[in-house]
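Asks: my questions are about this predicted structure, shown below with the sequence.
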Amino acid sequence: MGSSKTRRSSCSILNLVLSLFNFILLILSVASLAPTICLKTPPTSLGYALVTISLISILSSFVGFCSQFCYITHFALLLASSAGQLLGILVLFAKEKWSLSMLKSARDPREAKLLVRLECGVLMAMFVMQMGILILSCVVRNCCVREYEELEPEKRRRNIARVQEESIAEVKNKEMGEKMKNDVEA
């Protein structure tokens, strides 16, 4: 019994840490919108791709707050968002000049370069946070499954005991009814 209480408290702590990570991811995702929008409004096709990556991350963090109820959806959004972030990092980091030309910013070239590097840094932070959330959500899910498996036999025992008590009560009621019937007839 002591181990199940320890497991429950560790699961609740892990859920709290997971919520904190999702909140940090939400803040990073919203922050990653700013450099893209500052580079050019309305964004170019690469800008829209970066905005889409940020929006998927925002959606993933919102779904992460209720990940106990929609684990598969959260997991799929995490994977999609991570893939997008990784591609965004590769494009912005490896092909910086090409990225600048694709973004077609009207800003000063140094300022545009700074904004692209800032976006790349934020995407890297989001990717690392997303991987942490992915691992932690798998651990939390495993913890919840173990907790449920421990509770299932206990519930079965209670149900069996309740059914036995009810059947014993029914038998006693029948016996009492027969005795009363015999007493009335006699």
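Replies: Nice, thanks for sending it over.
Asks: packing partners for the lengthiest helix in the chain?
Replies: Secondary structure of the chain read by DSSP state H shows that its longest helix is helix 109-185. Contacts defined by 3 or more Cβ pairs under 8 Å, 6 or more residues apart in numbering; DSSP states H and E place helix 109-185 against helix 2-39, helix 45-64, helix 71-94, helix 96-103. Where C-beta positions appear, they are placed from N, C-alpha and C, glycine not excepted.
Asks: dihedrals phi and psi, Asp108?
Replies: Main-chain torsions, Asp108, degrees, to the nearest 10: phi -60, psi 140.
Asks: and it, what does it touch?
Replies: Contacts for Asp108 (Cβ atoms under 8 Å, 6 or more residues apart in numbering) come out as none.
Asks: if you set the cut-off to 10 Å instead, what comes out?
Replies: Contact analysis of Asp108 by Cβ atoms under 10 Å, 6 or more residues apart in numbering lists Leu114.
Asks: center of this structure, which residue is that?
Replies: Nearest to the mean C-alpha position of the chain, by Cα atoms, centre = their mean, lies Gly64 at 2.8 Å.
Asks: setting aside sequence neighbours, what's the nearest residue to that one?
Replies: Asn22 (3.8 Å; Cβ to Cβ, 6 or more residues apart in numbering).
Asks: what is the burial count for that neighbour?
Replies: Neighbour count of Asn22, defined by other Cβ atoms under 10 Å: 23.
Asks: any stretches of this protein with poor pLDDT?
Replies: Applying pLDDT under 70 to the chain picks out residues 1-10, 67-68, 151-152, 156, 159, 186.
Asks: hang on, the earlier thing: what inclination does the longest helix of the chain have with respect to helix 96-103?
Replies: Between helix 109-185 and helix 96-103, the angle comes out at 80 degrees (axes from the mean of the first three to the mean of the last three Cα atoms, to 10 degrees).
Asks: show me how far helix 109-185 is from its chain's centre.
Replies: Counting by Cα atoms, centre = their mean, to the nearest Å, helix 109-185 is centred 16 Å from the centre of its parent chain.
Asks: fine by me, we can end here.
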